[in-house]
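Asker: Just need the structure, nothing else, for what follows:
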Amino acid sequence: MAQEVRGVIAPGKNEPVRIETIVVPDPGPGEAVVKVQACGVCHTDLHYKQGGINDDFPFLLGHEASGVVESVGEGVTDVAPGDFVILNWRAVCGSCRACRRGRPWYCFATHNAKQKMTLASTGQELSPALGIGAFAEKTL
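Answerer: Have a look, this model is predicted:
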């Protein structure tokens, strides 16, 4: 069942960030819900807020995080509920041409959640910063 949690949202270019209730869906295939325990503040979050990365507002900020896996979707075998994890904005696939050549920084198929987290108040889809969106109590 989808969960409602609090998260830090950048609603629009140069607008003040605010805490909003967001909806985190149940994990789908290849996805996991993580209860965030710590998240660093990075200058990249300011770039998102200022519209310096793209204009896909509203953003769910935060991408340098760690936490505990709460639930996993179908096909997830590398982590299980209760595992402590570090969330990586560049979760490489390990099997594309770049990864096979030992150059994962050029990965063509980084892993990110396919489903979108949304604002509870409007249902509007959120853009998670660097695919993570960890300035929240939980993230997908």
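Asker: Show me where the chain has its strands.
Answerer: Ranges of strands in the chain, per DSSP state E, are 3-10, 18-24, 32-40, 59-60, 64-72, 84-87, 118-119, 127-128, 138-139.
Asker: Select, out of those strands, the one closest to Cys107.
Answerer: Cys107 lies closest, by CB to CB, to one member of the strands of the chain: strand 84-87, at 16.0 Å. The C-beta positions use only the backbone N, C-alpha and C, and glycine is treated the same way.
Asker: Can you list the strands that the closest one pairs with?
Answerer: Strand 84-87 pairs in its sheet with strand 64-72 (antiparallel), by DSSP bridges.
Asker: residues making contact with the strand it pairs with?
Answerer: 26-27, 31-40, 42, 79-87, 89, 132, 134, 138-139 (CB atoms under 8 Å, 6 or more residues apart in numbering).
Asker: Taking those residues, please make a ChimeraX selection of just the buried ones.
Answerer: Buried residues within the contacts of strand 64-72, by 16 or more other CB atoms under 10 Å, are selected in ChimeraX with:
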select :27,31,32,33,34,35,36,39,42,87,89,132,134,138,139
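Asker: mind listing what's buried in the lengthiest helix in the chain?
Answerer: If you go by DSSP state H, the chain has its longest helix at helix 43-49. Buried residues in helix 43-49, defined by neighbour count with 16+ other CB under 10 Å: Thr44, Asp45, Tyr48, Lys49.
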